[in-house]
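# test case, fold it:
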Amino acid sequence: MSCDFYVDFQIKSKWDIDELTSGSGNYRELTDVLSRIMALLSSIEEEELKNYAKAGDRNKPSGLKSLIHSNGNYNDQLRCKLSELSLLGVNSQIEISALPEGSWIIEFPITLKKPFISKDDVPLYIIENPVRKDKVFGVPFISSMAWKGNLRWTMMKTHLEPIANEKEKFADIRYQHTLLFGTEKGMEEMAKGWTKYLDDLCPDAKEAYRNKLKERFSTNEAPSLTGMLYFYPTFWDRIDLEVINPHDRKTKTGKNPIYYEVVPEGAKGFFRLLYLPLYYLGAPLPELKNKVIKDLKDVIKGLKEMMLKYGFSAKKSSGYGVINNGWDKAESRLVIKEISDAHKFGNFDELKQVVDKI
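Below is the predicted model of the structure:
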């Protein structure tokens, strides 16, 4: 046997693709569905085989379409992989007993109301639009950094944009967001990116915001800060294949269908968010509690808007990547160390009521 995966499993005909899809013949040792999908890459040199490897033909689905959409083999495997992740402690409940007082954790299951789309970073794939997957287990997921970026953007939309004409309040909330998420991207001598957008959004608050950072951290330069929010990846239990078929304006027919992977409506995952009050340590408990609860309320407001209104997926402006506002209450958890014991909640309204009572 060669050391090259693609040499050992070369595809030379449609028959080979059918055998690879079913895991029979020369491909019976490929029991892992993702490995079968990657083996389809050896068909890309010939256009006819490449198209058949994507979806088969009118009479018989095969290749990627069959593995993901038609026979559901991939989804069967995902359930096994998710069990492995749980056994390894990768996708399991977070323990905060060893963390400082005021730390909190929010955990709850989520179900997609609209499909989730993301872009994987693999250099080669049988289609141009694969959904992002964990490199070891092949499970579709949304990364911790994607959660962080989407929530920061949403809290900017809900907390900062409405007060762009109130410079003192704008500077205070922008400073709070820096403590929560970390130093803004683009905060250099010549501001760019995120920092430039916020500077331009409320120019009068620019200096006040920077002065708060310099005073708090005793520096004349913009400090490099880690945020107090720590996100965990969400692994999805389903994957699907969708197609867009652009039509010619004259002939009204479609010739070049575009396939893309999605996490479909109804797919389930688990959201986990940890908060460490790094910049409030040493404060008296009443003061610590006030600051921690304020951060918690603001984050919950942002989470609700992100998950129910704005979305957290590619093409979120078209409604992708939102969830149902309801889940199994027994699987949820909010704990604030030394301030509140574990609470259960079944939707965002119940979560808000729990925090208001603390």
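# break this structure into its domains for me.
The chain breaks down into these domains under automatic domain parsing: 1-71, 94-358.
# of these, which approaches Leu87 most closely?
When these are compared by Cβ to Cβ, domain 94-358 sits nearest Leu87, at 11.8 Å. Glycine gets a C-beta too; all of them are placed from N, C-alpha and C.
# ends of that closest one, what's the gap?
Terminal residues of domain 94-358 are spaced 21 Å apart (Cα to Cα, to the nearest Å).
# which of the domains of the chain has the lowest average pLDDT?
Lowest mean pLDDT of the domains of the chain: domain 1-71, a mean of 82.
# which one of the domains of the chain lies closest to Glu84?
Among the domains of the chain, domain 94-358 comes nearest to Glu84, with 6.8 Å by Cβ to Cβ.
# tell me how many other residues crowd Thr111.
Neighbourhood size, Thr111 [other Cβ atoms under 10 Å]: 16.
# could I get the longest helix anywhere in the chain in CSV with only the CA atoms?
As assigned by DSSP state H, the longest helix anywhere in the chain is helix 285-305. Output in CSV follows, covering the C-alpha atoms of helix 285-305 (Å, rounded to 0.1, in the frame of the first residue of the first chain):
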residue,chain,number,x,y,z
LEU,A,285,-18.2,41.5,47.5
PRO,A,286,-21.2,44.0,47.2
GLU,A,287,-19.2,46.1,44.5
LEU,A,288,-18.1,42.9,42.8
LYS,A,289,-21.7,41.6,42.7
ASN,A,290,-23.0,44.8,41.2
LYS,A,291,-20.4,44.8,38.4
VAL,A,292,-20.7,41.1,37.7
ILE,A,293,-24.6,41.3,37.5
LYS,A,294,-24.4,44.3,35.2
ASP,A,295,-22.1,42.5,32.8
LEU,A,296,-24.3,39.5,32.9
LYS,A,297,-27.4,41.4,32.1
ASP,A,298,-25.7,43.2,29.2
VAL,A,299,-24.3,39.9,27.8
ILE,A,300,-27.7,38.2,28.0
LYS,A,301,-29.3,41.1,26.1
GLY,A,302,-26.6,40.7,23.4
LEU,A,303,-27.0,36.9,23.3
LYS,A,304,-30.8,37.2,22.8
GLU,A,305,-30.4,39.7,20.0
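# using CSV, write out every CA atom in stretch 131-149.
Coordinates of each C-alpha in stretch 131-149 appear next as CSV, following Å, rounded to 0.1, in the frame of the first residue of the first chain:
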residue,chain,number,x,y,z
VAL,A,131,-19.2,23.9,6.1
ARG,A,132,-16.5,24.2,8.7
LYS,A,133,-15.7,21.0,10.5
ASP,A,134,-13.4,19.9,13.3
LYS,A,135,-10.2,18.6,11.7
VAL,A,136,-10.0,15.5,13.9
PHE,A,137,-13.6,14.3,14.3
GLY,A,138,-15.2,15.8,11.1
VAL,A,139,-18.1,17.3,13.1
PRO,A,140,-19.5,20.6,11.9
PHE,A,141,-19.1,23.3,14.4
ILE,A,142,-19.0,27.0,15.2
SER,A,143,-15.7,28.0,16.8
SER,A,144,-15.3,30.0,20.0
MET,A,145,-13.7,32.9,18.0
ALA,A,146,-16.8,33.0,15.7
TRP,A,147,-19.1,33.2,18.8
LYS,A,148,-16.9,36.0,20.2
GLY,A,149,-16.9,38.0,17.0
